[in-house]
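Peer 1: when you get a sec, could you give me coordinates for this:
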Amino acid sequence: MLETIKSFLCIKLIFLNLSNEKKLKIIKENKKLKKMLNVNLLDYKLVSGRYLIIDNNGYGKEYNSYNNQLIFEGEYFDRQRNGYGKEYNKINGKLSFEGKYINGKRNGKGKEYYTNGPLKFEGIYFFGRRYNGRGYGDDGSVLYELVEGRGNMYDLEYIINYSYSGQYLNGEGAEYFKNNKIKFKGIFFNGLKWTGYGYNSIGQIIYALNNGNGKVKELDCFGNLIFVGQYKYGKRNGVGKEFRNNFVKFEGEYLNGERKGKGKEYKDKSREILFEGIYLYDNRIKGKEYHKNGKLDFEGEYLFNKKWNGKGYDENGNIIYELKNGNGKVKEYDDNDRLIFEGQYIEGKRFGKWKKYNNNNKLIFEGECINEKIIGIAKEFNNDGILTFEGEYRNGTRQGNGTEYENNRVKFQGKYSNGKRNGLGKEYTPEGKINFIGVYLNGKRNGLGREYDSHGKVIYMGLYSNGEREEKGDYWKK
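Peer 2: As a prediction, this is how the structure comes out:
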């Protein structure tokens, strides 16, 4: 009995130290271990490229499965967001919302933020929608005010944005194009278009909805077609097509607003098939990718849209790599069959040497990547293949010491942070002589610095602000 307890504690200790994705994989494949550790797969909920981990106190975190970036943290009950929580931008990781949730939706007081940080909306939410409060521009100016869901609402941050008037959460309301023409008018139910008519940007009726059901044409705020297909209960359900630049980019089956079932992805204009297969929660599960000449590029299984198990082929049909559980050496090509990556996949993610090429197959970047992100020494090249930068990268951007080049000569040496010159650095003339030594902030001269003439003599020593000299310096020559 004692040995059994010791074994159990040892296994649990090892399990807790594993990465979230490895835990998930293990408990999915090992039913005995799952039972021993009393793990419920719903605690590792997989939906639309996210995975969720909840501790014993009901506090949880959601991560983007593509890059393991935190996208939500907060309180949970019955495996749904319930209580206070914070959402983070999937691209830059910055706070995008903080407030109260009930049954997975925003309900109660909350704040939204623009991607660059300023307050976007503050007020009360109801069933996930803004209900009472004020919306702000990124300069802090008040754009609109909502009272019990009534008023005009504008979202300035996204290309596909909407303007509402009326009781848009539940009841009569309207949705508008950028040109202020009506886009949809009728009854809304829990924020979904329910019963009414949809219009194009010149005021013509293009579809009708009855109790959330009907054949629909979705348009963006400029009037461009983005979807044609069947709605059921206010969401995409059944067969439909997605459009980009007025060309079909996807056609297939939907369930509850997401791709689920058979589908095909196309290249713009040419109607060449890029992928065909099975989808679940908008993610590829199993299928085939094709080269431009129609030959098979990859066939196999996917996990979170990443190639997982299968074989890759060149344009002549020869096998060039094989993936098992996301591991193997890989060559990747873009839609025009240009080589864009050569390296190692580990659990479906890029590790090792990463190379990028331009439209003429010239090398424009090479570096080391770990877990899909560039880390370590990397090189950048211009479109002619000439070196323009060499230095340290972290999390996919310049971070640390680096050197810029122009016409094969050193242009700058110094410190970088968040992709820009930050810290001490040196600038050089085309002849290779020092032109400036000083401090940089966000890519510009800021702080103490010295400038030199072509003979190496100091012509200014003093403070800089936003790239410009201050009025007075300790040493000055015209």
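Peer 1: need the strands for the stretch 51-200 of the chain, in chain order.
Peer 2: Applying DSSP state E, counting those that start in this stretch to the stretch 51-200 of the chain gives strands spanning 59-64, 70-77, 80-88, 95-102, 105-113, 119-126, 129-136, 142-146, 153-154, 163-166, 171-176, 182-189, 192-199.
Peer 1: low-confidence stretches in the stretch 1-150 of the chain?
Peer 2: Applying pLDDT under 70 to the stretch 1-150 of the chain flags the ranges 1-52, 54-57, 65-67, 149-150.
Peer 1: likewise the stretch 351-478 of the chain?
Peer 2: Low-confidence segments of the stretch 351-478 of the chain (pLDDT under 70): 471-478.
Peer 1: picking that back up, looking at the strands of the stretch 51-200 of the chain, which is nearest to Tyr313?
Peer 2: The closest of the strands of the stretch 51-200 of the chain to Tyr313 is strand 59-64. By CB to CB, the value is 29.7 Å. C-beta here means a position set from N, CA and C on the backbone, and glycine is covered the same way.
Peer 1: quick one: distance of that closest one to the chain centre.
Peer 2: Put simply, strand 59-64 sits 16 Å off its chain's centre (CA atoms, centre = their mean, to the nearest Å).
Peer 1: cool, and stretch 230-247?
Peer 2: 22 Å.
Peer 1: picking that back up, redo the strands of the stretch 51-200 of the chain as CSV? Include mean neighbour count and distance to Ile285.
Peer 2: Converted to CSV, these look like this (neighbours: other CB atoms under 10 Å; distance: least, CB to CB, whole Å):
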stretch, mean neighbour count, distance to Ile285
strand 59-64, 18, 18
strand 70-77, 18, 22
strand 80-88, 18, 25
strand 95-102, 19, 29
strand 105-113, 19, 27
strand 119-126, 19, 33
strand 129-136, 20, 32
strand 142-146, 15, 40
strand 153-154, 18, 37
strand 163-166, 19, 36
strand 171-176, 18, 33
strand 182-189, 20, 31
strand 192-199, 20, 27
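Peer 1: of those, which approaches Asp314 most closely?
Peer 2: strand 59-64 (31.7 Å).
Peer 1: can you list the strands that that closest one pairs with?
Peer 2: strand 50-54 (antiparallel), strand 70-77 (antiparallel) (DSSP bridges).
Peer 1: in TSV: the strands of the stretch 51-200 of the chain, plus distance to Arg409.
Peer 2: Below are the strands of the stretch 51-200 of the chain laid out as TSV (distance: least, CB to CB, whole Å):
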stretch	distance to Arg409
strand 59-64	41
strand 70-77	42
strand 80-88	42
strand 95-102	43
strand 105-113	43
strand 119-126	45
strand 129-136	47
strand 142-146	49
strand 153-154	50
strand 163-166	53
strand 171-176	55
strand 182-189	56
strand 192-199	60
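Peer 1: just for the stretch 151-300 of the chain, where's the confidence low?
Peer 2: Using pLDDT under 70, the stretch 151-300 of the chain drops low at 151-169.
Peer 1: let's go with 50 and repeat that
Peer 2: 156-162 (pLDDT under 50).
Peer 1: for it, which segments count as helices?
Peer 2: Here the stretch 151-300 of the chain has no helices by DSSP state H, counting those that start in this stretch.
Peer 1: touching, Asn213 and Tyr231? I think so.
Peer 2: Yes - counting by CB atoms under 8 Å, Tyr231 is a contact partner of Asn213 at 6.1 Å.
Peer 1: comparing those two, which residue is more hemmed in?
Peer 2: Set Asn213 next to Tyr231 and count neighbours by other CB atoms under 10 Å: Tyr231 wins out with 25 against 16.
Peer 1: tell me the contacts of that one?
Peer 2: 209, 212-216, 237 (CB atoms under 8 Å, 6 or more residues apart in numbering).
Peer 1: now with 7 Å, please.
Peer 2: Going by CB atoms under 7 Å, 6 or more residues apart in numbering, Tyr231 touches 209, 212-214, 216, 237.
Peer 1: out of the strands of the stretch 51-200 of the chain, which comes closest to Asn401?
Peer 2: Closest to Asn401 of the strands of the stretch 51-200 of the chain is strand 70-77 (CB to CB; 28.5 Å).
Peer 1: element containing Glu322?
Peer 2: strand 319-323 (DSSP states H and E).
Peer 1: summarise which helices and strands the next helix-or-strand element following that strand is packed against.
Peer 2: As assigned by DSSP H and E, the chain's next helix or strand after strand 319-323 is strand 328-333. Judged by 3 or more CB pairs under 7 Å, 6 or more residues apart in numbering; DSSP states H and E, strand 328-333 is in contact with strand 319-323, strand 339-346.
Peer 1: quick one, strand 328-333 and strand 339-346 angle?
Peer 2: In terms of direction (axes from the mean of the first three to the mean of the last three CA atoms, to 10 degrees), strand 328-333 departs from strand 339-346 by 160 degrees.
Peer 1: partner strands of strand 328-333, parallel or antiparallel?
Peer 2: Strand 328-333 has these strand partners (DSSP bridges): strand 339-346 (antiparallel).
Peer 1: which residues touch the strand it pairs with?
Peer 2: Contacts of strand 339-346 (CB under 7 Å, 6+ apart): 323, 326-334, 350-357, 361.
Peer 1: helices of the stretch 351-478 of the chain, residue ranges please.
Peer 2: Under DSSP H, counting those that start in this stretch, the stretch 351-478 of the chain gives no helices.
Peer 1: check contacts around Trp194.
Peer 2: Trp194 touches 186-188, 209, 211-212, 234, counting by CB under 7 Å, 6+ apart.
Peer 1: swap the cut-off to 6 Å and go again
Peer 2: 187-188, 212, 234 (CB atoms under 6 Å, 6 or more residues apart in numbering).
Peer 1: pick the one among the contacts of Tyr231 closest to Gly376.
Peer 2: Using CB to CB, these come closest to Gly376 at Asn237, 47.1 Å.
Peer 1: against Gly467, how distant is the closest one?
Peer 2: As judged by CB to CB, to the nearest Å, Asn237 and Gly467 stand 55 Å apart.
Peer 1: so these two - more neighbours on which side?
Peer 2: Between Asn237 and Gly467, Asn237 has the larger neighbour count (other CB under 10 Å), namely 20 against 12.
Peer 1: got the helices and strands packed on strand 328-333 as a markdown table, with mean neighbour count columns?
Peer 2: Converted to a markdown table, the helices and strands packed on strand 328-333 look like this (neighbours: other CB atoms under 10 Å):
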| stretch | mean neighbour count |
| --- | --- |
| strand 319-323 | 15 |
| strand 339-346 | 17 |
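Peer 1: mean pLDDT added to those, as TSV?
Peer 2: Converted to TSV, the helices and strands packed on strand 328-333 look like this (pLDDT from 0 to 100):
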stretch	mean pLDDT
strand 319-323	91
strand 339-346	79
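Peer 1: which one of those lies nearest to Phe72?
Peer 2: Distance to Phe72, taken as CB to CB, is lowest for strand 339-346 among the helices and strands packed on strand 328-333, at 26.1 Å.
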